[in-house]
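Participant: sequence first, then the predicted structure, then my questions.
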Amino acid sequence: MFTNVEHIGIAVRDITASNNLFTKLLNVAPYKSETVASEGVTTSFFRVNETKIELLEATNSDSPIAKFLEKKGEGIHHIAFEVDDIQAEMDRLKAEGFTLLNETPKRGADNKLVCFLHPKGTNSVLVELCQERKE
Ligand SMILES: CC[C@@H](C(=O)O)C(=O)SCCNC(=O)CCNC(=O)[C@H](O)C(C)(C)COP(=O)(O)OP(=O)(O)OC[C@H]1O[C@@H](n2cnc3c(N)ncnc32)[C@H](O)[C@@H]1OP(=O)(O)O
Ligand SMILES: [Co+2]
């Protein structure tokens with residue numbers, strides 16, 4: 001079951017400058033910064049009530065964020081939904097015909113297991129599923 005919009009991912013060129021910008025905008029400092037080498041990103045997270053804003057800067061030129069910035073420029077990169085059982089949702093969405101970008105849940109930022117759906121099958125919106133890691 002989908003339970004919440006967990007975060008909105010925003011691709012940025014300079015995370016330090018964008019941290020300052022979003023701190024002024026939201027009137028709150030980021031609660032966390034984390035590099036996820038497997039995704040080629042450095043992130044920072046701002047809490048807005050139940051939802052979060054995730055800023056993403058590329059750490060290398062092969063990163064999905066580097067490619068996105070090159071093609072589309074800065075802006076909303078993905079919407080992440082919290083789910084109560086990620087494997088069950090992945091099985092359900094696959095059976096519904098959606099294209100999963102990873103066949104097994106993978107490690108994301110902020111203590112989450114994540115899976116992405118190809119934006120070609122979701123009205124050009126990159127969708128991330130995420131579930132809290134339990135270990
Ligand atoms: C920090 C971890 C995690 C978290 O815990 O929150 C994250 O959020 S990590 C975020 C970064 N990781 C990812 O995005 C992983 C999933 N993404 C991918 O696997 C790829 O980016 C992709 C979506 C499969 C696209 O890769 P690729 O096919 O190599 O790139 P292209 O540039 O050729 O794009 C093909 C096609 O798709 C369109 N596209 C790409 N990204 C997006 C996007 N974010 N939103 C909407 N559309 C997107 C791109 O424009 C191309 O379209 P056409 O030009 O019309 O063919
Ligand atoms: Co994300």
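Facilitator: Perfect, I can see it now. Ligands and ions are numbered 1, 2, ... in the order given.

Participant: report the separation between the two terminal residues of stretch 42-57.
Facilitator: From its first residue to its last, stretch 42-57 covers 5 Å (CA to CA, to the nearest Å).

Participant: in it, what counts as buried?
Facilitator: By 16 or more other CB atoms under 10 Å, the buried positions in stretch 42-57 come out as 42, 43, 44, 45, 46, 52, 53, 54, 55, 56, 57. Using the backbone N, CA and C atoms, a C-beta is placed for each residue, glycine as well.

Participant: quick check, the residue in the protein closest to ligand 2?
Facilitator: residue 9 (4.1 Å; CB to the ion).

Participant: which other helices and strands does the helix or strand hosting that residue contact?
Facilitator: Using DSSP states H and E, residue 9 maps to strand 2-11. Applying 3 or more CB pairs under 8 Å, 6 or more residues apart in numbering; DSSP states H and E, one finds that strand 2-11 contacts strand 51-58, helix 64-72, strand 75-83, strand 127-132.

Participant: out of these, flag the one nearest ligand 1.
Facilitator: Ligand 1 lies closest to helix 64-72 among the helices and strands packed on strand 2-11, at 3.2 Å (CB to the nearest ligand atom).
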